[in-house]
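**Q** Got a predicted model here, sequence first, then my questions.
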Amino acid sequence: MANGLRTGVLIAAMTALFLGIGYLIGGFGGAAIAFVIALGMNAFAYWNSDKMVLRMYGARQVDEASAPDLVKMVKQLAQNADLPMPKVFVIDNDQPNAFATGRNPENAAVAATTGLLSRLTPQEVAGVMAHELAHVKNRDTLTMTITATLAGAISMLANFALFFGGSRNNPLGIIGAIALMILAPLAAAVVQMAISRAREYEADKMGAEICGRPLWLASALEKIEGFASRIDNNVAERNPASASLFIINPLHTQKSDALFSTHPNTANRVAALRAMAGETGPSEKARPWG
């Protein structure tokens, strides 16, 4: 409950930042327009954010005929988690990574890259898919997609500030507009980071419980981080606001995550999972995959 309340407050803060940028660009009229846009964006994201992000990454839906091992694995993990079977997608990208999306568990989807499926063991893939299903169970998917949408919109709106810097309705003028263009995306990144980090730790814990083996996920996280530091995800680099959706930050070539990472430190995540494994031992839910 406390985590949900905190997330709600942070999303409200991001929405308020969006309205504030509208005011600084166009006064009260600009704030009113931004308010209408924010409402429209949140409504649109509720119904369409999953389709948007899957289309952005060129994800293709698979079934038991086209990807039998992956689909059967997700089906078993969904049963372990007491969740409806989500749609399963594959993204043609050599960087190992994965994310979940959808407005609720009944309309959820999980997506894995081809790099994840080819470079990790079946047990490690199971750990990753369990983590993504934990996001679904915790209803993080809608939160993260709306947050990513708002963060991208704030960056876009802040860029417009420079063009309206000389407007008489803009109380900051050209200097303030330049400052706003720089600082607003950073503020949005800080809020997005605060929302995402706690969610990742919780999904790690629940994901380990779903698959029954915390060390499977710990090993996967270490491997994914190593590969992600060397292999490009060009779509993510062009759309950095979507980076928070992935299990490991996919950005590296532009170093845009150096100061404001939306993901917890991987070593800390792995240490927590190893401690969990030492405390609980293998779960009866664990089974050989593949």
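**A** Ah, there it is. Numbering: from 1, shown residues only.

**Q** Tell me which stretches of the stretch 151-290 of the chain form helices.
**A** With helices called from DSSP state H, counting those that start in this stretch, the stretch 151-290 of the chain shows them at 173-211, 214-228, 234-238, 266-280.

**Q** For residue 109, which non-adjacent residue is closest in space?
**A** residue 87 (4.2 Å; CB to CB, 6 or more residues apart in numbering). Using the backbone N, CA and C atoms, a C-beta is placed for each residue, glycine as well.

**Q** returning to that earlier point: now the helices of the stretch 151-290 of the chain in a markdown table, with distance to residue 52, mean pLDDT and mean neighbour count?
**A** Formatted as a markdown table, those follow (distance: least, CB to CB, whole Å; pLDDT from 0 to 100; neighbours: other CB atoms under 10 Å):
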| stretch | distance to residue 52 | mean pLDDT | mean neighbour count |
| --- | --- | --- | --- |
| helix 173-211 | 17 | 76 | 20 |
| helix 214-228 | 23 | 96 | 23 |
| helix 234-238 | 12 | 91 | 15 |
| helix 266-280 | 28 | 89 | 15 |
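
**Q** Nearest to residue 113, out of those helices?
**A** Distance to residue 113, taken as CB to CB, is lowest for helix 214-228 among the helices of the stretch 151-290 of the chain, at 9.6 Å.

**Q** Quick one: name whatever helix or strand follows the top helix by length along the chain.
**A** Longest helix in the chain, counting residues (DSSP state H): helix 2-56. Going down the chain from helix 2-56, the next helix or strand is strand 60-62, by DSSP states H and E.

**Q** Same question for that following strand: list its buried residues.
**A** residue 62 (16 or more other CB atoms under 10 Å).

**Q** helices or strands next to that strand in the packing?
**A** Contact here means 3 or more CB pairs under 8 Å, 6 or more residues apart in numbering; DSSP states H and E; on that basis strand 60-62 packs against strand 87-91.

**Q** what's in contact with the strand it packs on?
**A** Under the criterion CB atoms under 8 Å, 6 or more residues apart in numbering, residues 54, 57-63, 67, 70-71, 74, 108-114, 117 lie in contact with strand 87-91.

**Q** okay, the residue nearest to the spatial centre of the chain: pLDDT?
**A** The residue lying closest to the centre of the chain (CA atoms, centre = their mean) is residue 245, at 1.5 Å. Looking at residue 245, its pLDDT is 86.

**Q** Same question for residue 7.
**A** At residue 7, the pLDDT value in this model is 63.

**Q** The one 3 residues further on now?
**A** Reading off the confidence values, residue 10 has pLDDT 66.

**Q** about what we covered before: taking the contacts of strand 87-91, please make a ChimeraX selection of just the buried ones.
**A** Buried subset of these, written as a ChimeraX selection, criterion 16+ other CB under 10 Å:
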select :54,57,59,62,67,70,71,74,108,109,110,111,112,113,117
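
**Q** Please pull out the lowest mean pLDDT helix or strand from this protein.
**A** When the helices and strands of the chain are scored by mean pLDDT, DSSP states H and E, helix 140-161 comes last with a mean of 71.
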